[in-house]
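Novice: The sequence and its predicted three-dimensional model are supplied below.
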Amino acid sequence: AQSVTQLGSHVSVSEGALVLLRCNYSSSVPPYLFWYVQYPNQGLQLLLKYTTGATLVKGINGFEAEFKKSETSFHLTKPSAHMSDAAEYFCAVSGGGGTYKYIFGTGTRLKVLA
Amino acid sequence: SQTIHQWPATLVQPVGSPLSLECTVEGTSNPNLYWYRQAAGRGLQLLFYSVGIGQISSEVPQNLSASRPQDRQFILSSKKLLLSDSGFYLCAWSVLGERVEAFFGQGTRLTVV
């Protein structure tokens, strides 16, 4: 079974400050991990993904995440927040291979303060 | 390129009425298809997924059903809506291979009154 825990349903940062959104996962098989962003009343857009290989992955809009197997974590970071980053962010896990399901966390709403 | 269409964008339905939401994918074959529901503070809940025509897996027993009459068509239905069916419904697709992520439609906001 797989699960995702996102710590902090709401995060506020000042414009220009570091963004850190936390994600911990549980998986009985090597995981594929994803971060998605959602703007109001829209679908989800992929920010970045980890499958295999390099544990530090870079995505769109300056975001990156690091897969840490020992900590079962996949935290999302961005060095400098921009007003346009305000949105809801979802971490997700799938089992890869023959596992078809994507399990999502409860989301973190990011607010960027001017 | 691949695209996913989901409609309608918004829907207001009375309690006890039927529901049909449709999702179609273009530009790919044999996709895995998904229906998710998003409720405030609860993230995305996987409702159904399908790996082929007529093959539906239900994740959460409830008042909804899904069908896949064609390879790239996925339908979410209900015979009688409940107030608790209100939410934001998202359709998604994926294809196992190099690109392992799921791609989402724009969603349907369903309000049951």
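Specialist: Nice, thanks for sending it over.
Novice: got the CA positions of stretch A:27-45 in CSV?
Specialist: Presented in CSV, the C-alpha positions along stretch A:27-45 are these (Å, rounded to 0.1, in the frame of the first residue of the first chain):
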residue,chain,number,x,y,z
SER,A,27,5.5,2.7,-0.4
SER,A,28,6.1,-1.1,-0.4
VAL,A,29,7.8,-0.9,-3.8
PRO,A,30,10.3,1.6,-5.2
PRO,A,31,8.3,4.7,-5.6
TYR,A,32,7.7,7.2,-8.4
LEU,A,33,7.1,10.6,-6.8
PHE,A,34,5.5,13.7,-8.3
TRP,A,35,4.7,17.3,-7.4
TYR,A,36,1.8,18.9,-9.0
VAL,A,37,0.5,22.5,-8.8
GLN,A,38,-3.1,23.6,-9.0
TYR,A,39,-4.5,27.0,-9.7
PRO,A,40,-8.1,27.8,-8.6
ASN,A,41,-10.7,25.9,-10.5
GLN,A,42,-8.2,24.3,-12.8
GLY,A,43,-6.7,20.8,-13.2
LEU,A,44,-3.3,19.8,-12.0
GLN,A,45,0.0,20.6,-13.7
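Novice: Any part of that stretch near chain B?
Specialist: Yes: Stretch A:27-45 reaches chain B (Cβ under 8 Å from any Cβ of the partner chain) through A:32, A:34, A:36, A:41, A:42, A:43, A:44, A:45. (Glycine included, C-beta is placed from N, CA and C.)
Novice: Just give the nearest non-adjacent residue to the residue positioned nearest the centre of chain A, would you?
Specialist: What sits nearest the mean C-alpha location of chain A, by Cα atoms, centre = their mean, is residue A:35, with 3.3 Å. Setting aside the residues directly before and after it, residue A:35 is nearest to residue A:47 in space (Cβ to Cβ, 6 or more residues apart in numbering or on different chains), at 4.3 Å.
Novice: For the helix or strand hosting that neighbour, buried residues please.
Specialist: Element membership of residue A:47, judged by DSSP states H and E, is strand A:44-50. Within strand A:44-50, the residues that qualify as buried are A:44, A:46, A:47, A:48, A:49, A:50, counting by 16 or more other Cβ atoms under 10 Å in any protein chain shown.
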